[in-house]
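In: Kindly generate the corresponding structure for this input.
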Amino acid sequence: MINSNSMTLNRIEKPNNPIDNLSKTIILIVDDSPNNLEIISETLTSAGFEIAVALDGETALEQIAYDPPTLVLLDVMMPGMDGFETCRRLKANPATQEIPIVFMTALTDTIDKVKGLNLGAVDYITKPFQQEEVLARVKVHLKLRTLTKTLEEQNTRLIQEVEQRAKAEAELQTLTQELEQRVEERTNQLAQALTNWQQAQAMLVQNEKMSSLGQMITGVAHEINNPISSIHGNLSCAGEYSRDLLQLLHLYTQHYPNPVPEIQAKSKEIDLNFLIKDFPKTFHSMELGIERICQIIKSLRNISRLDAGEMMMIDLHEGLDSTLVLLQHRIKPSGKHLGIQVIKEYGKLPPIECYPGRLSQVFMNILANAIDALEEAEFRKQNSAEISERDKTLTAPTIWIRTGVIDRQRVEIRISDNGPGIPEQMQDKLFQAFFTTKPFGKGTGLGLSISHEIVVEKHGGKLRCMSKPGKGAEFIIELPIG
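Out: From the prediction side, this is the model:
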């Protein structure tokens, strides 16, 4: 029980059977409501966490100064120093700026949330609390914190190793001319080792991200599929019931054309004629919505197959269509965005043996890049004073997807667009790790390098690009059939 009259911090010890991999974590809960402190503390201590609490921002800062926690759950609205100011001070202090902060608030205004995130918070938990959500978010951010620290330590060791090797190179350069060739060879080896390390690191990061994402998508799709299936089945029955009731109502109006005043008044109040016409349309609209959700769930389940060690025989067109479903929100018109026309010219392809989830990742990367290029071109066209209104709508943004059989051993997928194209001097670097043609902050430079790795190394295929400035770009994927 939290003492509401106390302004000091209380350490709540974990139970005798803590979760092994979280046994060294300390979570500081800052909230002026003893009720909230009690709820969250019980939830987290039951899960095996060690908890510290504070009733205000000033006390929290003092506690963190001499006993830094692993994670802070911080209330926004507190007397005296509010959560925003507390967060700002923690992030301004080099000793505490790396501690993850999750805000707890009843505020729903987007501006308030953005303000907290801009101050350095990693997440929001909305009041009233859902215990499962609180526990899930805490575990996610603790895991992210652990992974971040691990990567930082690994990077430090790698940097030290590179520095040591660079020092060795400098010493070698002082040797006689007879050793110059060996120095050059050593330098080349180091450059190749660094490139291999970058590629390996990129693949490890991407694999971890895709693994977590795939597990989450699979779980969400499974959980959504059950209630959606129930709604879909019941909606069909409800549609039949509504038609039966409307037919019965029609018979009543035929055999009792002059209802009592009370029924006449109610009919007028609910606009019976409109209701009879609109009711079936309402059910039809709901059925279309349910079918759309089912299609999205199917696409999510297709994309989330991560193929840990086994290849499967699949239909490539199914993988392409699933990817397009998930990108539909970027393809269809919205606001000033005119939308992107997708033209599918599918040939007759045999099933091929592959890692379907990995290939879906390739399709996603290439199609997303095409959409980015077309959106950028559309934005420039709409905001250019030198282009006439006629020219702005002369060429609709378009993506073509063509498939076909090359020979008995290979198939190809061609994905092209009518965007601005790729400068010739950049085309040789497209598949290098960390190289990107996008503005700073809008691309990691990993998408195409990972796609090349998947197609070439994982499947023994080919991936190449053909582009001319002003005439779009085309990516060609060649895959062996079996």
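
In: contacts, neighbours, all on C-alpha from now
Out: Noted.

In: dump the residue contacts of P351.
Out: Neighbouring residues of P351 by Cα atoms under 8 Å, 6 or more residues apart in numbering: 313-316, 481.

In: Just the buried subset of those, please.
Out: Buried members of the contacts of P351, scored by 16 or more other Cα atoms under 10 Å, are 316, 481.

In: So which of the contacts of P351 are in strands?
Out: If you go by DSSP state E, those have 313-314 in strands.

In: Looking at the contacts of P351, which one is closest to D417?
Out: Nearest to D417 out of those is L316 (Cα to Cα; 19.8 Å).

In: where along the stretch 1-150 of the chain do the strands fall?
Out: Ranges of strands within the stretch 1-150 of the chain are 10-12, 26-30, 50-54, 71-75, 101-105, 123-126, based on DSSP state E, counting those that start in this stretch.

In: Please work out the average pLDDT along the third one.
Out: The predicted model gives strand 50-54 an average pLDDT of 90.

In: before we move on, the earlier item: can I get the strands of the stretch 1-150 of the chain in TSV with mean neighbour count and distance to P259?
Out: As requested, the strands of the stretch 1-150 of the chain are exported to TSV (neighbours: other Cα atoms under 10 Å; distance: least, Cα to Cα, whole Å):
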stretch	mean neighbour count	distance to P259
strand 10-12	16	71
strand 26-30	25	66
strand 50-54	24	69
strand 71-75	25	61
strand 101-105	23	56
strand 123-126	18	53
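
In: Now the weakest link among these, please, by mean pLDDT.
Out: Mean pLDDT is lowest for strand 10-12 among those, at a mean of 44.

In: what number of residues lie near L479?
Out: For L479, the neighbour count with other Cα atoms under 10 Å is 23.

In: same question, P79
Out: By other Cα under 10 Å, neighbour count at P79 equals 12.

In: Name the nearest residue to it, ignoring sequence neighbours.
Out: Closest residue to P79 apart from its sequence neighbours, by Cα to Cα, 6 or more residues apart in numbering: D56 at 7.3 Å.

In: what's the spacing between that neighbour and G80?
Out: Noted for D56: a distance of 8 Å to G80, by Cα to Cα, to the nearest Å.

In: Who has more neighbours out of those two?
Out: Per other Cα under 10 Å, whichever of D56 and G80 has more neighbours is D56, with 26 against 10.

In: quick one: low-confidence ranges for the stretch 301-450 of the chain?
Out: 301-309, 335, 382-394, 427, 433-446 (pLDDT under 70).

In: Show me the strands in it, by range?
Out: For the stretch 301-450 of the chain, strands defined by DSSP E, counting those that start in this stretch occupy the ranges 312-314, 341-345, 352-354, 398-405, 410-417.

In: and T126, which of those is closest to it?
Out: Per Cα to Cα, nearest to T126 of those: strand 341-345, 39.6 Å.

In: List of residues touching stretch 116-132?
Out: Outside stretch 116-132, the residues within contact range by Cα under 8 Å, 6+ apart are 40, 43, 84, 87-88, 91, 100-108, 113, 134.

In: Three-state assignment for the residue lying farthest from the centre of the chain, please.
Out: For the chain, the largest distance from the centre (Cα atoms, centre = their mean) belongs to N258, which lies 61.0 Å off. Here N258 is recorded as coil under DSSP: H, G, I helix; E, B strand; the rest coil.

In: Which pLDDT value does the model give it?
Out: At N258, the model reports a pLDDT of 82.

In: and it, what are its phi and psi?
Out: phi -120, psi 80 (degrees, to the nearest 10).

In: these two touch, right, G319 and C354?
Out: No: the pair G319 and C354 fails to qualify as a contact (Cα atoms under 8 Å) at a distance of 11.4 Å.

In: These two: which is more packed in?
Out: Neighbour count, other Cα under 10 Å: between G319 and C354, C354 has more, with 23 against 20.

In: is it true that that one touches D315?
Out: No: C354 is not in contact with D315 according to Cα under 8 Å; the separation is 9.9 Å.

In: Now the buried members of the contacts of stretch 116-132.
Out: For these, buried by 16+ other Cα under 10 Å: 40, 43, 84, 87-88, 91, 100-105, 113, 134.

In: Look up how far L117 lies from R88.
Out: From R88 over to L117 the distance is 11 Å, taken as Cα to Cα.

In: Over to P79?
Out: For P79, the distance to L117 - Cα to Cα - is 21 Å.

In: same deal with Q247?
Out: Noted for Q247: a distance of 56 Å to L117, by Cα to Cα.

In: Comparing those two, which shows the higher neighbour count?
Out: Higher neighbour count among Q247 and L117: L117, with 18 against 13, using other Cα under 10 Å.

In: just the helices in the stretch 1-150 of the chain please.
Out: 34-46, 57-66, 83-92, 110-119, 131-172 (DSSP state H, counting those that start in this stretch).

In: Could you tell me whether L479 really is in a helix?
Out: No: membership of L479 in a helix is not supported by three-state DSSP, which gives strand.

In: who touches the residue lying closest to it once chain neighbours are set aside in this structure?
Out: Leaving aside its sequence neighbours, L479 sits nearest to G461 (Cα to Cα, 6+ apart; 4.6 Å). If you count contacts by Cα under 8 Å, 6+ apart, G461 has them with 455, 477-480.
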